[in-house]
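J.: task: produce atomic coordinates for the following.
(one chain, ligands or ions: 2)
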Amino acid sequence: MSLNLKFGAFKSYYDEGMSAYTKGDFSVSREYMLKAAEMCSDLATQYPTADMRAEFKKKGEDILKFIRTNLVVRPKEEVVSGGNAPSQKADNLESAFEPMPKDQFKVKLTDIAGLEEVKETIKKRLILPLKKPEVYKEYGVTAGGAILMYGPPGTGKTMIAKAVASESDVNFFYVPSDKLVDKYVGETEKKIAALFDKVRKNLPAVLFFDEFDTIASERSADDKVAKMTVAALLTQIDGLGNDTRDMLLLAATNTPWLIDGAVLSRCKNLYLPLPDAEARATIFHIHLKKNLKKKDIDYVLLADQTEGLSGRDISKICEEIRLNLASRCIETGDAQICTMDDLLEEIRAAKKRPRPNLRMFETYNKEHSKDML
Ligand SMILES: Nc1ncnc2c1ncn2[C@@H]1O[C@H](COP(=O)(O)OP(=O)(O)OP(=O)(O)O)[C@@H](O)[C@H]1O
Ligand SMILES: [Mg+2]
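T.: Ligands and ions are numbered 1, 2, ... in the order given. So this is what the prediction gives:
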């Protein structure tokens, strides 16, 4: 896309975003504003003059700040200030949070293709210290603290968390954010405190927050509930460093730049990039392995044709092919075989779908390189 076209796209995303914002349609506005910020980060590297590059860099940062403070998607109901909350006792609150059943997740680190360094770090920093704390303690290291996994959508963040749950054999708490965020002032903090208390009673444990941005985003000063949510989280994360050494907070997000700076500064960062060619070939292999007749599959060519696609994109390609083959089988009455033509056609369709802008991640990585694990 030429610079002019990119500038035009930026402008229209921005205008649509502001128009949705003025109508109070915050989630639509957020989508457009995120796209506008992505365009800015492209323009900030591509304009021929340094002035313009600096201007777009600044504009992109301002837009992200605007999203963080004004456009975080709220729980379904409106925020209600004041005291009418159906106040619950701490014990009742705690009973809402239970560790996941031990055999809930079957996925192992070895089922995850590529990400060798990430898997090694997860093993060394999380799984082994939780499994053999006595050995680690002898060497003066303990499990604990907060780790933030981030990366483009579909790169295996949730999968890694599931593998941690199944391989570490400690209590694993996974609480969807809508179970925590309450519309009543004061209730969300109570829930967060109750959750951490419950986890502390079940140590050693991992507490996993998926889509961490939904509870840990920076908010505007007048968003009282949200401000207090972040403050409550900060108090609890600070506590991790003191008495709760065998408690690990694991969080995942695909928009780390929306997370509150104070929360971010307390987390170690772990980046999960898009899969490389070898990992893409392995992901195809994994997803085509079972219950499928295949002919002459060239995994190197498949990997070659799918640069820029995520693990989830590849799993969807394979799922789509299975659906097509099943319906063709019903139509024709004949057993169907998966061929390279089927795969290449589905890959072409997948490549036409919108993909995340990696420049936002590159910028974030550069700015947070010192916090990387
Ligand atoms: N490295 C991988 N190896 C094997 N399969 C993968 C890999 N990465 C992604 N997948 C496939 O993609 C699916 C989605 O992955 P996952 O849910 O872990 O992504 P995510 O990073 O959490 O995405 P999001 O940011 O959207 O939450 C997995 O269930 C799996 O089928
Ligand atoms: Mg996920």
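J.: isn't A165 up against A205?
T.: No - the criterion here is C-beta atoms under 8 Å, and A165 misses it with A205 at 10.5 Å. The way it works is simple: take the backbone N, C-alpha and C, and place the C-beta from them, glycine included.
J.: list residues touching both of the two?
T.: Shared contacts of A165 and A205 (C-beta atoms under 8 Å, 6 or more residues apart in numbering): F172.
J.: hang on, N291 in a helix?
T.: No - looking at N291 with DSSP: H, G, I helix; E, B strand; the rest coil, it is coil, so not inside a helix.
J.: report pLDDT for it.
T.: Listed pLDDT for N291 reads 88.
J.: ok, N242 next?
T.: pLDDT, N242: 58.
J.: same check on V135?
T.: Confidence at V135, expressed as pLDDT, is 91.
J.: what of P75?
T.: Listed pLDDT for P75 reads 46.
J.: then the one 4 residues further on?
T.: As summarised for this prediction, V79 has a pLDDT of 40.
J.: likewise for K190?
T.: pLDDT, read off for K190, is 88.
J.: which residue does the protein bring closest to ligand 2?
T.: Closest to ligand 2 within the chain is T158: 3.3 Å, counting by C-beta to the ion.
J.: and stretch 314-333, is it in reach of ligand 2?
T.: No - under the criterion of C-beta under 5 Å from the ion, stretch 314-333 makes no contact with ligand 2; the nearest approach is 12.9 Å.
J.: what helix or strand does the residue of the chain closest to ligand 2 sit in?
T.: Applying DSSP states H and E as the criterion places T158 in helix 157-168.
J.: restricting to C-alpha, output that helix in CSV.
T.: Output in CSV follows, covering the C-alpha atoms of helix 157-168 (Å, rounded to 0.1, in the frame of the first residue of the first chain):
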residue,chain,number,x,y,z
LYS,A,157,-0.4,-18.3,24.9
THR,A,158,-3.5,-20.1,26.3
MET,A,159,-2.0,-23.4,25.2
ILE,A,160,1.1,-22.7,27.2
ALA,A,161,-0.9,-21.9,30.2
LYS,A,162,-2.8,-25.2,29.8
ALA,A,163,0.5,-27.0,29.5
VAL,A,164,1.7,-25.4,32.7
ALA,A,165,-1.5,-26.6,34.4
SER,A,166,-1.1,-30.1,33.2
GLU,A,167,2.7,-30.4,33.8
SER,A,168,3.3,-28.6,37.0
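J.: just checking, next helix/strand downstream of it?
T.: Later in the chain than helix 157-168, the nearest helix or strand by DSSP H and E is strand 171-174.
J.: list the helices and strands the very next helix or strand once past that following strand packs on?
T.: Once the chain leaves strand 171-174, the next helix or strand it forms, by DSSP H and E, is helix 187-200. For helix 187-200, the packing partners by 3 or more C-beta pairs under 8 Å, 6 or more residues apart in numbering; DSSP states H and E come out as helix 90-95, strand 171-174, strand 205-209, helix 224-240.
J.: determine how far the shortest one lies from the middle of the whole chain.
T.: With C-alpha atoms, centre = their mean, to the nearest Å as the basis, the distance from the averaged C-alpha position of strand 171-174 to the chain average is 17 Å.
J.: list the strands paired with that strand, with their directions.
T.: With DSSP bridges as the test, strand 171-174 is paired with strand 205-209 (parallel).
J.: tell me the mean pLDDT over the strand it pairs with?
T.: Here the average pLDDT along strand 205-209 is 93.
J.: so that strand, near ligand 2 or not?
T.: No - on the criterion C-beta under 5 Å from the ion, strand 205-209 is out of touch with ligand 2, staying 10.3 Å away.
J.: convert the C-alpha atoms of that strand to CSV, please.
T.: C-alpha atoms of strand 205-209 as CSV (Å, rounded to 0.1, in the frame of the first residue of the first chain):
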residue,chain,number,x,y,z
ALA,A,205,-0.5,-22.6,42.9
VAL,A,206,-0.6,-20.8,39.5
LEU,A,207,-3.2,-18.1,39.0
PHE,A,208,-3.9,-17.6,35.3
PHE,A,209,-5.5,-14.5,33.9
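J.: who's in contact with that strand?
T.: Contacts with strand 205-209, where a contact means C-beta under 8 Å, 6+ apart, come from 99, 126, 130, 161, 164-165, 168, 170-175, 177, 195-196, 199, 215-216, 246-252.
J.: go again using 7 Å as the cut-off
T.: For strand 205-209, contacts defined as C-beta atoms under 7 Å, 6 or more residues apart in numbering pick out 99, 161, 164-165, 168, 170-174, 199, 215, 247-251.
J.: just the buried ones from those, in PyMOL syntax?
T.: In PyMOL syntax, the buried subset of the contacts of strand 205-209 is picked out as below (16 or more other C-beta atoms under 10 Å):
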select buried, resi 99+161+164+165+168+170+171+172+173+174+199+215+247+248+249+250+251
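J.: and ligand 2, which of the contacts of strand 205-209 contact it?
T.: Applying C-beta under 5 Å from the ion to the contacts of strand 205-209, one finds that nothing falls near ligand 2.
J.: all strands of the stretch 251-373 of the chain, in order?
T.: Remark: strands assigned in the stretch 251-373 of the chain by DSSP state E, counting those that start in this stretch are 268-271.
J.: let me know the pLDDT of L309.
T.: pLDDT, L309: 97.
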